[in-house]
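>>> Curious how this folds, go ahead:
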Amino acid sequence: MVTELEEFKALLDDQYTWPASYLFKFIVPKEELKTLETLVEGNKITEKPSKHGKYIAVSFTAVCDSSDIVLDMYKKVSIIPGILSL
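Numbers count the residues shown, from 1 in each chain. Predicted coordinates:
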């Protein structure tokens, strides 16, 4: 049985020629922003607060050598409570 993770990896490999620029987008609770910034250190991030300021939309583009690097980034940030990956 194919998992969602395997399907996502196959989709990435189908749509990208590695190495490639990949746009990461996350929504994170405001109090967890520093944690996310630390985990994605070295990437120039764009931040946009939500209407009421409880959440921050964060995006950045990184050059990734393979779909495994993309998946590793999602795994790395998944430790942040309340994060949403888009």
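>>> Show me the strands in this structure, by range?
20-29, 46-49, 55-64, 84-85 (DSSP state E).
>>> Just give me the residue closest to the centre of the protein.
residue 24 (4.1 Å; C-alpha atoms, centre = their mean).
>>> Which strand residues bridge it?
Beta-bridge partners for residue 24, by DSSP bridges, are residue 60.
>>> wait, doesn't it sit right on residue 76?
No. Using C-beta atoms under 8 Å, residue 24 is not in contact with residue 76, being 10.7 Å away. Just so you know, the C-beta spots here come from the backbone N, C-alpha and C atoms, and that holds for glycine as well.
>>> Show the contacting residues for the nearest residue to residue 33 once chain neighbours are set aside.
Spatial nearest neighbour of residue 33, excluding adjacent residues (C-beta to C-beta, 6 or more residues apart in numbering): residue 56 at 5.2 Å. Counting by C-beta atoms under 8 Å, 6 or more residues apart in numbering, residue 56 makes contact with 27, 28, 29, 30, 33, 47, 48, 49, 50.
>>> if we take these, which one ends up nearest to residue 86?
The closest of those to residue 86 turns out to be residue 27 (C-beta to C-beta; 6.9 Å).
>>> isn't the closest one right up against residue 54?
No. Counting by C-beta under 8 Å, residue 54 is not a contact partner of residue 27; they are 10.2 Å apart.
>>> Between those two, which is the more surrounded one?
Shown here are residue 27 and residue 54; by other C-beta atoms under 10 Å, residue 27 has more neighbours (16 against 11).
>>> could you check the distance from that one over to residue 44?
18 Å (C-beta to C-beta, to the nearest Å).
>>> what about residue 37, neighbour count?
For residue 37, using other C-beta under 10 Å, the count is 15.
>>> what does residue 58 give?
By other C-beta under 10 Å, the burial measure for residue 58, its neighbour count, is 22.
>>> pLDDT score assigned to it?
On the pLDDT scale, residue 58 is placed at 97.
>>> show me the contacts for residue 49.
Taking C-beta under 8 Å, 6+ apart, one finds 30, 55, 56, 57 in contact with residue 49.
>>> Any chance of those residues in JSON lines with distance to residue 85 as columns?
Output for the contacts of residue 49, formatted as JSON lines (distance: C-beta to C-beta, whole Å):
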{"residue": "30", "distance to residue 85": "17"}
{"residue": "55", "distance to residue 85": "13"}
{"residue": "56", "distance to residue 85": "14"}
{"residue": "57", "distance to residue 85": "12"}
